[in-house]
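> no sequence for this one, just the structure:
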């Protein structure tokens, strides 16, 4: 199982790496969580330089693709040649977007008829695309999910684990990363957000 | 104001980078949050390769130093030559440790008479050092703070901002990163953990 976290220059560290850390709690054979970027290195909005594991083209064949967020998403969303390198298909992949990543999903035509979550700053730009933005942290419809607010990354990770493994594995992953003495509260908060999308 | 996040090979992405992201919400002139590592590049426990901004020696002169966590902390805690490169002093610096970072603080002699928080896995090793480990996510005494559980990184970041700027700045930083629709709950949860350490 390969999960690609699409990470562009100007990326928000929380939006790419909280999901990566939580997803890596799964220790199944073949479970791989990889950073996918346009170039070999990407630099975050706060000057963190990270090496990419995968090209955007290779991310397109992952079992699940999560689009991260960042300070340059508006420019990236207008860059047709860059977005062309990402070929996503919800009929064969789980697709998630964190915060301003929703703007990318919208430009890729993947939010038609799907309401979305995003962060407060990105909201007007997503709405300009004709997408209905929800006042909540997480929403999934079929194989497409969106989340708003950096720390909602834990909800996105729990949804991906719930869909790709099972609900118990999602709960265990969140339990592991939750603060000491507050694990039950954190697991409940996360599962409350994703439970409806894991039913049936 | 310079804050160094000490990050060793095998690092836990959540423990170094949640704090980095939240701390970078502060936009004051001269406010710098930097990754400090033994070498130019560090590789995380999940294969994320990141470039370091600072040497360990330079981190020693930062206004605040946060020791991250990772899968190799037990070996690092035994490496006297490596730890010698870190020269920390709570009389002139704020010093924090996240999860297994507490083991490093203990080896540096900085937890004498200070109870500590750490993660569930590291707890017995910290206790072997004669340190009293608390059943809670965050504890600060004077200029030294420790946190247990990756997501308690938000508590550590809020404490650092509360001490270096003020309480309102800490609340605003957490509000920004909290999930949409749940911001009040998250800010309350974080401030409940750090409020006592920000009084007076």
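Arrived safely, thanks for sending. In this text the structure is predicted, and so the values were computed from the model without any measurement.

> which other helices and strands contact whichever helix or strand residue A:155 is part of?
Secondary structure from DSSP states H and E places residue A:155 in helix A:153-164. The helices and strands touching helix A:153-164, judged by 3 or more Cβ pairs under 8 Å, 6 or more residues apart in numbering or on different chains; DSSP states H and E, are helix A:13-23, strand A:64-67, strand A:94-98, strand A:138-141, strand A:144-147, helix A:167-177, helix A:183-198. Just so you know, the C-beta spots here come from the backbone N, C-alpha and C atoms, and that holds for glycine as well.

> can you list contacts of that helix?
For helix A:153-164, the external contacting residues (Cβ atoms under 8 Å, 6 or more residues apart in numbering or on different chains) are A:1, A:3, A:14-15, A:18-19, A:22-23, A:25-26, A:63-64, A:66, A:94, A:96, A:98, A:137-138, A:140, A:145, A:147, A:169-171, A:173-174, A:177, A:186, A:190-191, A:193-194, A:197-198, B:151, B:179.

> so what pLDDT did the residue of chain A most remote from its centre get?
In chain A, counting by Cα atoms, centre = their mean, residue A:181 sits farthest out from the average C-alpha position, at 27.5 Å. Turning to residue A:181, the model gives it a pLDDT of 97.

> Relative to residue B:101, how far out is it?
18 Å (Cβ to Cβ, to the nearest Å).

> ok now do the residue nearest to residue A:94 when sequence neighbours are not counted, which residues does it touch?
Nearest residue to residue A:94, sequence neighbours excluded (Cβ to Cβ, 6 or more residues apart in numbering or on different chains): residue A:64, at 4.0 Å. With contact taken as Cβ under 8 Å, 6+ apart, residue A:64 is in contact with A:1, A:2, A:3, A:4, A:93, A:94, A:95, A:96, A:160, A:163, A:164.

> and stretch A:113-127, is it in reach of chain B?
Yes: on the criterion Cβ under 8 Å from any Cβ of the partner chain, stretch A:113-127 is in touch with chain B at A:117, A:118, A:119, A:120.

> ends of that stretch, how far apart?
From its first residue to its last, stretch A:113-127 covers 13 Å (Cα to Cα, to the nearest Å).

> likewise stretch A:162-181?
Distance across stretch A:162-181, first residue to last, is 24 Å (Cα to Cα).

> Next, the buried residues of that stretch.
A:162-165, A:167, A:169-171, A:173-181 (16 or more other Cβ atoms under 10 Å in any protein chain shown).

> what's near enough to touch residue A:181?
B:135, B:136, B:137, B:148.

> got the phi/psi numbers for it?
With angles defined as degrees, to the nearest 10, residue A:181 sits at phi 80, psi -10.

> Once you drop chain neighbours, what's closest to it?
Excluding the flanking residues, the one nearest residue A:181 by Cβ to Cβ, 6+ apart is residue B:136, at 4.6 Å.
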